[in-house]
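Engineer: Sequence and predicted structure are below.
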Amino acid sequence: MLSRAEVSNRLSGFPRFEDMSLSLPYAPRMPRGMVRETREVVAIARTFNDEVARPRALELDRRTHEDPDYMPLDLVELANRWGFYTMWIPRIFGGRGYNMPSMSYFAEEVGSACLGIMNVIGVHYLGVAGVVASANTRLAKRILGEVVRGEKTGNPCLIALATTEPGAGTDVEEVELVDKGRVACHARRVRGGYVVNGTKVFISMGHVSTWTVLYAYEDLKRPSETTVGLMVKTGTKGFSFGSHENKMGQRVCPASVLVFDDCFIPDDQVLFSADMVRKFTKKPIREVAQRYIDYVVGATRPGVCAFGVGAARGAFEIALRHASTTTMNGTLLINHEWVQSMLAEMYKNVTLGRLAYTEANYANSHRGLYKILQLKPVYYYLRLMPQAYFDKVIAPMLEKDYSTRLMGKLSYDWARPEDQRCCSGWASLAKVAGTDLGVRNCQMAIELMGQTGLRQDAGVEKMLRDIKLLQIYEGTNQLNRLNMFKCLIAPEIPQARVFEEDR
Amino acid sequence: MLSSFKSEWKPFEDLARSFAAKELAGKAEEHDRYPFGEFFHDVLDKACEVGFLGIMLPGDLGGTGGSVGTLCTVLAALCRVDSSPGGIIFTNALAQELLLAADARDIAGEIFGKAPSAGEFLIAFPSYSNPAHQDNLPEYRRSGRGYSLTGPVDLLVLGGLARRAIIPARSGPKRQCSFFLIDLDHKGVSKSEPVFTLGMHACPAVDVRLDGVRARLIGEEGKGEEYFDRVLPAMHVVAAAMNAGIMRGSLDEALAYARERFQGGREIIRWSEVSMLLAGMAVKADVADMCVTQACQALEQGDAGWSSRCAAAALHIHEIACEAVTDGIQVLGGNGYMKDYGQEKRFRDARQVQALLGSVPARKLDLIRKVAGV
């Protein structure tokens, strides 16, 4: 047999064993309580689907065509009442503290009924990730605290995240590209804060959010070194909304244009800046900014995969119902072999997509953004301690500078680059896989259903319109493929260069 | 683009391109708001005036007397800009071809010979289905000297616009299929609101319920499927020409955007990943044009054995069109998903066009049965 050194040597070759399967080493380390918790989350999602999402999905889609200015305020209130906006906020911040991977299962469930409604719930957590990944515990406590109070008082408080600009979409997702891009959202340092000028576009739920995580740049010629993250409250002087976009699908979830005109943001709403980062790390700001982006998208892209799997499943379920109740040449479609084969293929796509987000979540759980929360002692501590303990003992600590410094050290200074690559690479892999499979299933369902599939009232054509967006947002699938290459393949090839192609 | 293969089609292509530039360009999104916006009656009237509603109909019956190649050339050029008028012209041509296949020239003459307006010239038809595969067609029975129809017709294209419709119906123990002409103003016809569908919103369809509606038999009783089979090869190619046009339009817009949009310090067309997407689209658009042209020429020459090849060419073109329009959105990123650009409409329309003449799997099974002779 091989010696331990030989085994180790063999396993370090490409692909490295630790990158081949994340569930194999990490599943046994998962706290068992997560399973029970996830079962509960899925049951809640199914109840919500039966009571809200399914009965309303098509009617709301039609309504947005009749009235392009429709805003989903009633849905937001409902979701707030169901507790969905605090469900995955950690208990130290006052939230319900459900485990993060369970959100993917939730997204698949609700996404299978309506991706637009799922986005009305889910995109808030892109904002939450933007806040938490900054390591700024003081501001996180304040903002997330408002979300929690908003749930208790019945006044929903949502967080949007604003990155994309009219002239820069892909560029703002990668530090390697942003300096060559055409970013224009400028943050000028002034006494006591920043003054922002610029425009952001395609900002999901912008119009109906209370807070926006805004990324701007102190020097537009060196954006990678001068990125600032700012928390902007809706209603702030100088911050207004343009139109909301006229999209093909997911129309119930508005995509907003945000306009900043000499908008002053005080220092206590600065989430992330070069000055703040220097307090906890000596690493170059470029590197920290990339890490920050990777933390956010590393956690949210597996969620997008789950959305895609939701659509894949929704399309499968509609096709299955159609095939079980429709005849062709006197025989139920379900009893034609070609139909059985297509349905099996669609079921396979759903399952493969689910495996992809599960693996990517293992990466985040053990090597990424929320790895501390998934350590067994921490997990049970957070689950079992009374909320009063967090409110009275932990919350005041989050206000202190040392708390932000500690989080900063943990998240940025002491984190391993290979872990960053693993999480970011798997997140992109899952995102591409889940969304492509989702599109594929919607297409197959429409083909299988013939003319019925074309009708809005049959549901599946809306799913195709809805899912197409997933191949574009959170980085186009083209960008995500390059990020996969950068994170999972290029490190093994010394001569490989990414985002530097010769003209 | 099809005229580059055959110069005889050039005048028709020029006419269609100038019509599209004048009546459709820049208005596709507005037209597509139907049924939540206004219907483009003015465009339809002008299409009727220039003869687009009767391209393959013989001159003595009130048509233009063009060939299948002419119709394909016109539809490809129109659909490059907006496919909804293409869907209307397609449906009307399908109804006209069925009348001719059934040798019902008398009926055709009565309808088209003296049609004063587009509304009179249009014939509604359930063009997203093949009656041979439909188990739930209306029932017909003899009624006095004529016939009467009872039952549902789903997605009757142009049903809300036309005065008349051609309806397939079945009867008897053998469930034989026949075609009938009905008057949509008959009291036994109840129509739904326009059905909201994936694409081609300005080529609307309604669900219809027939209750003892007086009907006139087209051709001979029990020969419906035979007539439909007879018109299928040409109409498959015509539908394929629509998707060839949609693909070409998607490529136009993707190329224009890729030349203008900067990312990573250069026009996106200068990144090879985007170039590969564009190249894939260009390959598909060219292959589609060649397939359509070859099929048209074979049909016009009456070459034997082309019926299954026409079906094959159409299936292939629809498939690659649906791929190409997806990439057409990707090239534009978030903008491609917005109605301010034409790509999202093409993405929807290509799927809708693919569904003309029956479901894809059913058409594939038909094809192989014919090829294999089983």
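Structural biologist: Structure received.
Engineer: all contacts plus neighbour counts: C-alpha atoms, from now on.
Structural biologist: Noted.
Engineer: Can you name every helix or strand that the helix with the most length in chain A contacts?
Structural biologist: Ranked by number of residues, the top helix in chain A under DSSP state H is helix A:285-325. Where contact means 3 or more Cα pairs under 8 Å, 6 or more residues apart in numbering or on different chains; DSSP states H and E, helix A:285-325 is packed against helix A:101-113, helix A:115-132, helix A:175-178, helix A:274-278, strand A:331-332, helix A:337-367, helix A:417-449, helix A:460-468.
Engineer: which other residues reach the lowest-mean-pLDDT helix or strand in chain A?
Structural biologist: Within chain A, no helix or strand scores below helix A:175-178, which has a mean of 86 by mean pLDDT, DSSP states H and E. Applying Cα atoms under 8 Å, 6 or more residues apart in numbering or on different chains, the contact partners of helix A:175-178 are A:Asp171, A:Val172, A:Pro223, A:Ser224, A:Arg286, A:Ala289, A:Gln290, A:Phe499, B:Gln263, B:Gly264, B:Gly265.
Engineer: Which of those residues fall in strands?
Structural biologist: Within the contacts of helix A:175-178, residues falling in strands by DSSP state E are B:Gln263.
Engineer: which of the contacts of helix A:175-178 are buried?
Structural biologist: The neighbour count (16 or more other Cα atoms under 10 Å in any protein chain shown) marks A:Asp171, A:Val172, A:Pro223, A:Ser224, A:Arg286, A:Ala289, A:Gln290, B:Gln263, B:Gly264 as buried among the contacts of helix A:175-178.
Engineer: can you pull the buried residues of the lowest-mean-pLDDT helix or strand in chain B?
Structural biologist: Lowest by mean pLDDT, DSSP H and E among the helices and strands of chain B is helix B:118-121, with a mean of 86. By neighbour count on 16+ other Cα under 10 Å, the buried set for helix B:118-121 is B:Ala118, B:Gly119, B:Phe121.
Engineer: Tell me the one of the residues you listed nearest A:Arg36?
Structural biologist: Of all those, B:Gly119 has the smallest distance to A:Arg36: 63.4 Å, by Cα to Cα.
Engineer: Output stretch A:476-490 as CSV, nothing but the C-alphas.
Structural biologist: Listed next in CSV are the C-alpha coordinates belonging to stretch A:476-490 (Å, rounded to 0.1, in the frame of the first residue of the first chain):
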residue,chain,number,x,y,z
THR,A,476,-23.2,36.8,-16.7
ASN,A,477,-22.5,33.1,-17.1
GLN,A,478,-19.7,34.1,-19.4
LEU,A,479,-18.0,36.1,-16.6
ASN,A,480,-18.7,33.2,-14.2
ARG,A,481,-17.0,30.7,-16.5
LEU,A,482,-13.9,32.9,-16.6
ASN,A,483,-14.1,33.2,-12.8
MET,A,484,-14.3,29.4,-12.5
PHE,A,485,-11.2,29.2,-14.7
LYS,A,486,-9.4,31.8,-12.6
CYS,A,487,-10.3,30.1,-9.3
LEU,A,488,-10.3,26.4,-10.0
ILE,A,489,-8.0,25.8,-13.0
ALA,A,490,-5.6,28.7,-13.6
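Engineer: so how far is it off the chain centroid?
Structural biologist: 17 Å (Cα atoms, centre = their mean, to the nearest Å).
Engineer: A:Glu245: how many residues sit nearby?
Structural biologist: 22 (other Cα atoms under 10 Å in any protein chain shown).
Engineer: Could you tell me the per-residue confidence at it?
Structural biologist: You'll see A:Glu245 listed with a pLDDT of 92.
Engineer: Tell me what the spatially closest residue to it that is not a sequence neighbour is bridged to.
Structural biologist: Spatial nearest neighbour of A:Glu245, excluding adjacent residues (Cα to Cα, 6 or more residues apart in numbering or on different chains): A:Ala255 at 5.4 Å. Beta-bridge partners for A:Ala255, by DSSP bridges, are A:Ser204.
Engineer: What is the three-state secondary structure of A:Gln495?
Structural biologist: Here A:Gln495 is recorded as coil under DSSP: H, G, I helix; E, B strand; the rest coil.
Engineer: For A:Ile489, see how far away it is.
Structural biologist: 12 Å (Cα to Cα, to the nearest Å).
Engineer: Show me where chain A dips below the pLDDT cut-off.
Structural biologist: The model of chain A has no residue with pLDDT under 70.
Engineer: what are the bridge partners for the residue in the stretch 101-250 of chain B positioned nearest to chain A, then?
Structural biologist: Per Cα to the nearest Cα, B:Thr197 is where the stretch 101-250 of chain B lies closest to chain A, at 4.5 Å. B:Thr197 has these beta-bridge partners by DSSP bridges: A:Arg455.
Engineer: what's the pLDDT at it?
Structural biologist: At B:Thr197, pLDDT is 98.
Engineer: Just give the number of residues close to it.
Structural biologist: 25.
Engineer: what's the answer for A:Asp275, then?
Structural biologist: 11.
Engineer: Next one: it relative to chain B, how far apart?
Structural biologist: 27 Å (Cα to the nearest Cα, to the nearest Å).
Engineer: and the stretch 251-400 of chain A, which residues reach chain B?
Structural biologist: A:Thr327, A:Met328, A:Asn329, A:Gly330 (Cα under 8 Å from any Cα of the partner chain).
Engineer: circling back to that earlier point, so for A:Gln495 and A:Ile489, which residue has more residues nearby?
Structural biologist: A:Ile489 (16 against 7).
Engineer: so which of the contacts of helix A:175-178 would you say is closest to B:Lys6?
Structural biologist: For these, the nearest to B:Lys6 is B:Gln263 (40.2 Å; Cα to Cα).
Engineer: So the closest one sits against A:Thr170, correct?
Structural biologist: Yes - counting by Cα atoms under 8 Å, B:Gln263 touches A:Thr170, with 7.2 Å between them.
Engineer: Residues of the stretch 1-150 of chain A that sit close to chain B?
Structural biologist: So the stretch 1-150 of chain A meets chain B at A:His65, A:Glu66 (Cα under 8 Å from any Cα).
Engineer: hmm, 6 Å instead?
Structural biologist: A:Glu66 (Cα under 6 Å from any Cα of the partner chain).
Engineer: Most distant residue from the centre of the chain?
Structural biologist: You didn't say which chain, so I picked chain A. A:Gly330 (46.2 Å; Cα atoms, centre = their mean).
Engineer: my bad, the chain I had in mind was chain B
Structural biologist: Distance from the C-alpha centroid of chain B peaks at B:Gly265, with 42.8 Å (Cα atoms, centre = their mean).
Engineer: Name the single longest helix found in chain B.
Structural biologist: helix B:224-260.
Engineer: what's that one packed up against?
Structural biologist: Helices and strands touching helix B:224-260, by 3 or more Cα pairs under 6 Å, 6 or more residues apart in numbering or on different chains; DSSP states H and E, are helix B:68-79, strand B:176-183, helix B:272-301, helix B:307-332.
Engineer: buried sites along that helix?
Structural biologist: Applying 16+ other Cα under 10 Å to helix B:224-260 flags B:224-225, B:227-228, B:230-255, B:257-258 as buried.
Engineer: Could you tell me whether B:Pro168 really is in a strand?
Structural biologist: Yes - under three-state DSSP, B:Pro168 falls within a strand.
Engineer: give the contact list for it.
Structural biologist: B:Ser178, B:Phe179 (Cα atoms under 6 Å, 6 or more residues apart in numbering or on different chains).
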